[in-house]
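Engineer: Got a sequence here, can you model it:
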Amino acid sequence: MPPGHALRASRARQLYPPRSPSQRNRREGLARAAIADFDTDVRDGRLTVLDVLWRRTLELAAELSAQHTAALGTRTLDVLHVAAAVTLEVKRFVSYDNRQAALAKAVGLRVVAP
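Structural biologist: Presented below is the predicted three-dimensional model:
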């Protein structure tokens with residue numbers, strides 16, 4: 001093992017100790033429930049799965065990043081999500097992230113945080 005790797009691995013084990021089987025089972029159960037809820041929402045028409053035009057979305061994300069990232073401190077996925085929303089011409093944009101919401105507002109999206 002290269003020098004320093006053992007130290008980083010040891011520190012990682014301190015920061016992120018292994019989960020017990022009961023913790024893993026609980027997390028897996030929560031994940032299965034979230035997926036089931038998502039599937040139900042799609043089936044019942046509360047959510048719609050759409051295909052985005054990726055080339056346009058990525059071009060727009062680059063433009064938005066150049067225009068707003070320095071001022072708003074947005075991160076890559078913030079910009080990509082907002083660009084996808086603009087490309088899809090969504091009516092409302094849900095976000096609990098202040099930087100992402102600021103970017104969405106800056107480009108004219110109606111931001112909601114239910």
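
Engineer: neighbours of residue 31, just the number please.
Structural biologist: 10 (other CB atoms under 10 Å). For every residue, glycine as well, the C-beta is placed using N, CA and C.

Engineer: Could you check which helix or strand contains it?
Structural biologist: With elements delineated by DSSP states H and E, residue 31 resides in helix 21-43, which encompasses its position.

Engineer: got it, and residue 62?
Structural biologist: helix 54-72.

Engineer: Now the element after that helix, going C-ward?
Structural biologist: Along the chain past helix 54-72, the next helix or strand (assigned with DSSP H and E) turns out to be helix 76-88.

Engineer: Buried ones in that following helix, by neighbour count?
Structural biologist: 78-87 (16 or more other CB atoms under 10 Å).

Engineer: what does it contact?
Structural biologist: For helix 76-88, the external contacting residues (CB atoms under 8 Å, 6 or more residues apart in numbering) are 50, 52-53, 56-58, 60-61, 64-65, 68-69, 74, 93, 95, 97, 99-100, 103-104, 107, 109.

Engineer: cool, and stretch 107-114?
Structural biologist: Residues from elsewhere that reach stretch 107-114, judged by CB under 8 Å, 6+ apart: 64, 82, 85-86, 90-96, 101, 104-105.

Engineer: Looking at it now, give me its mean pLDDT.
Structural biologist: For stretch 107-114, mean pLDDT is 93.

Engineer: and what of stretch 75-88?
Structural biologist: The predicted model assigns stretch 75-88 a mean pLDDT of 97.

Engineer: buried ones in stretch 60-71?
Structural biologist: Judged by neighbour count using 16+ other CB under 10 Å, the buried positions of stretch 60-71 are 60-61, 64-65, 68-69.
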